[in-house]
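Participant: A structural model of the following input is requested.
(one chain, ligands or ions: 2)
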Amino acid sequence: MSDYIRTLLSEKQEQALVHAISQAELHTSGEIRIHLEKSIGNSSAQQRAKKWFGKLEMHKTAEKNGVLFYLAIKDRKLAIWAGEGINAKVPANFWQEIINLIIAEFKVEHFSEGLIAGVEKTGQALGEFFPRQDDDIDELSNEISKG
Ligand code: CA
Ligand code: CA
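Facilitator: Numbering: from 1, shown residues only. Ligands and ions are numbered 1, 2, ... in the order given. Below you'll find the predicted structure:
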């Protein structure tokens with residue numbers, strides 16, 4: 001089912017990405033996830049990101065500070081969907097800047113590097129607005145979601 005993911009990321013790169021999420025979450029209560037799928041079909045990347053945000057129950061984090069990176073591999077479409085807690089805090093162009101950062105890497109076929117850069121930048125912002133507490137719970141898996 002997920003063979004196409006290997007056209008984008010090697011096993012090792014996938015693990016590096018999971019590690020980057022774990023590292024980012026060391027500094028914040030926020031929760032970052034990545035969802036990869038083959039194609040967006042007739043939807044927009046934003047619509048798909050929103051749908052998967054719900055499917056992965058990312059709206060249920062205590063502080064509404066989940067962030068989903070959505071990527072349709074065949075269509076090369078990228079979107080970010082974030083919880084209302086974090087959207088209330090970051091500047092209006094914040095997500096677009098992260099998208100731009102990732103796309104600059106994608107253009108030179110640096111897929112894992114691009115996603116890692118996006119995760120790190122998001123982690124910094126989350127850390128600023130939602131610092132990690134001593135009793136932090138990993139509310140959402142750091143594994144890459146594939147659909
Ligand atoms: Ca957490
Ligand atoms: Ca997590």
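Participant: and Glu97, what does it touch?
Facilitator: Residues touching Glu97, when contacts are defined by Cβ atoms under 8 Å, 6 or more residues apart in numbering, comprise Lys121. C-beta: built from backbone N, CA, C; applies to glycine.
Participant: where's it relative to Val90, distance?
Facilitator: If you measure Glu97 against Val90 using Cβ to Cβ, to the nearest Å, the figure is 10 Å.
Participant: And ligand 2, is the longest helix seen in the chain touching that?
Facilitator: Counting residues, the longest helix in the chain under DSSP state H turns out to be helix 111-129. No. With Cβ under 5 Å from the ion as the criterion, ligand 2 is not reached by helix 111-129; the gap is at least 10.9 Å.
Participant: which other helices and strands contact that helix?
Facilitator: The contact analysis (3 or more Cβ pairs under 8 Å, 6 or more residues apart in numbering; DSSP states H and E) places helix 111-129 against helix 11-24, strand 31-37, strand 66-72, helix 84-87, helix 94-106.
Participant: Tell me which residues are up against that helix.
Facilitator: Residues outside helix 111-129 that contact it (Cβ under 8 Å, 6+ apart) are 8-10, 13-14, 16-17, 20-21, 23-25, 27-30, 32, 34, 65, 67, 69, 71, 80, 86, 89-90, 94, 97-99, 101-106.
Participant: 7 Å instead?
Facilitator: Outside helix 111-129, the residues within contact range by Cβ atoms under 7 Å, 6 or more residues apart in numbering are 8-9, 13, 16-17, 20-21, 24, 27-28, 30, 32, 34, 65, 67, 69, 86, 89-90, 94, 98, 101-102, 105-106.
Participant: Need the mean per-residue confidence for stretch 82-93.
Facilitator: Averaging the model's pLDDT scores along stretch 82-93 yields 95.
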